[in-house]
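Participant: have a look at this prediction, sequence included:
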Amino acid sequence: MSSHPARTFRYRYWGTALRTVLLPLGDLAFGQRLTTRLAFLAKAQWWDREKLEHGRRLALAKLIGVAYREVPFYRDLFDKARVQPGEISTIEALRRVPFVTKEMLRSRYPAGTTRATGQRTYEACSSGSTGLNFCVREDPETAGWYRASFMLALEWSGWRLGEPHLQTGMTLQRTHERRWKDLLLRCHYVSAADLTDKHLDECLARIEKHRLNYVWGYPGSLYFLARRAAQ
């Protein structure tokens, strides 16, 4: 599906406004530094292999060190396995760390599995699509990193900031922050669980009406959507 030149220009204009004005203002308000981190990741993706592996080793060593010093759950886990955090500096060395299950983490949450970061924290929970909801404590730094990573991955598909799209998901009760995200990023958020022909037809009609070139979400829901389109 091709876009009209005028529409393409509007998308690019809106994308530029998002990247240079609105997202930086959001960073000031929420402290996520998303635009700075997105710019860093956009450059880091082109590092040569040696530089990438060096950066990965440094990040891993820092992560393991912080987890051992500041998170009781991981300190107990390492001590019981007789593993010193300084010994974990490569991907191969991670095999020495015992497996951790959701049940183990739930049993110590939140006091034993979280740490003070000096930032405002809030609870973030999964949708429960694979069973019980899994909750963690999140701060702006964490949110900024994973959201920047997510946006970079979307850009690999050819999508650009500001282009409208359809997303299938499980979090239908949109929080105030998510509603703002949907509005600014022009996201048409729909249920990934409703696979009835009626719902799929409504999604296809929305794609056609708004001339959406990009769709992302749960693979199963996208499969059923594509199958219905073929029918």
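Facilitator: In hand now; what should we look at?

Participant: Leu161 is in contact with Gly15, isn't it?
Facilitator: Yes - look at Leu161 against Gly15 with CB atoms under 8 Å: they come within range, at 4.1 Å. All C-beta spots, glycine's among them, are computed from the backbone N, C-alpha and C.

Participant: ok, these two, which is more surrounded?
Facilitator: More neighbours surround Leu161 than the other of Leu161 and Gly15, with 20 against 17 (other CB atoms under 10 Å).

Participant: what sits against that one?
Facilitator: The contact partners of Leu161, taken as CB atoms under 8 Å, 6 or more residues apart in numbering, are Gly15, Leu18, Arg19, Met151, Glu155, Leu185.

Participant: now secondary structure, pLDDT and distance to Lys102 too, for those residues, in TSV please.
Facilitator: What follows is the contacts of Leu161, written out as TSV (DSSP: H, G, I helix; E, B strand; the rest coil; pLDDT from 0 to 100; distance: CB to CB, whole Å):
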residue	secondary structure	pLDDT	distance to Lys102
Gly15	helix	81	37
Leu18	helix	84	35
Arg19	helix	80	36
Met151	helix	91	27
Glu155	helix	92	31
Leu185	helix	88	30
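
Participant: any idea which element Tyr223 lies in?
Facilitator: For Tyr223, the element it lies in under DSSP states H and E is helix 219-230.

Participant: helices or strands next to that helix in the packing?
Facilitator: strand 165-169, helix 197-210, strand 215-216 (3 or more CB pairs under 8 Å, 6 or more residues apart in numbering; DSSP states H and E).

Participant: and these as CSV, adding mean pLDDT?
Facilitator: Shown next, in CSV, are the helices and strands packed on helix 219-230 (pLDDT from 0 to 100):
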stretch, mean pLDDT
strand 165-169, 96
helix 197-210, 97
strand 215-216, 96
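
Participant: looking at the ones you listed, which is buried most?
Facilitator: Stretch with highest mean neighbour count among the helices and strands packed on helix 219-230: strand 165-169 (a mean of 20; mean count of other CB atoms under 10 Å).

Participant: stretch 156-176: end-to-end distance?
Facilitator: 28 Å (CA to CA, to the nearest Å).

Participant: may I see the buried residues of it?
Facilitator: Trp159, Arg160, Leu161, Gly162, Glu163, Pro164, His165, Leu166, Gln167, Thr168, Gly169 (16 or more other CB atoms under 10 Å).

Participant: which one of the residues you listed is nearest to Lys181?
Facilitator: Using CB to CB, Gln167 comes nearest to Lys181 of the buried residues of stretch 156-176, at 10.2 Å.

Participant: so what touches the helix or strand where Glu177 lies?
Facilitator: Under the criterion of DSSP H and E, Glu177 resides in helix 176-185. Residues outside helix 176-185 that contact it (CB under 8 Å, 6+ apart): Leu18, Leu22, Leu161, Gly162, His165, Thr171, Arg174, Cys187, His188, Tyr189.

Participant: just the ones of these in strands?
Facilitator: Residues of the contacts of helix 176-185 located in strands (DSSP state E): His165, Cys187, His188, Tyr189.

Participant: Arg147: which of these is nearest?
Facilitator: Cys187 (13.0 Å).

Participant: separation between that closest one and Gly86?
Facilitator: As defined by CB to CB, to the nearest Å, Cys187 lies at a distance of 44 Å from Gly86.
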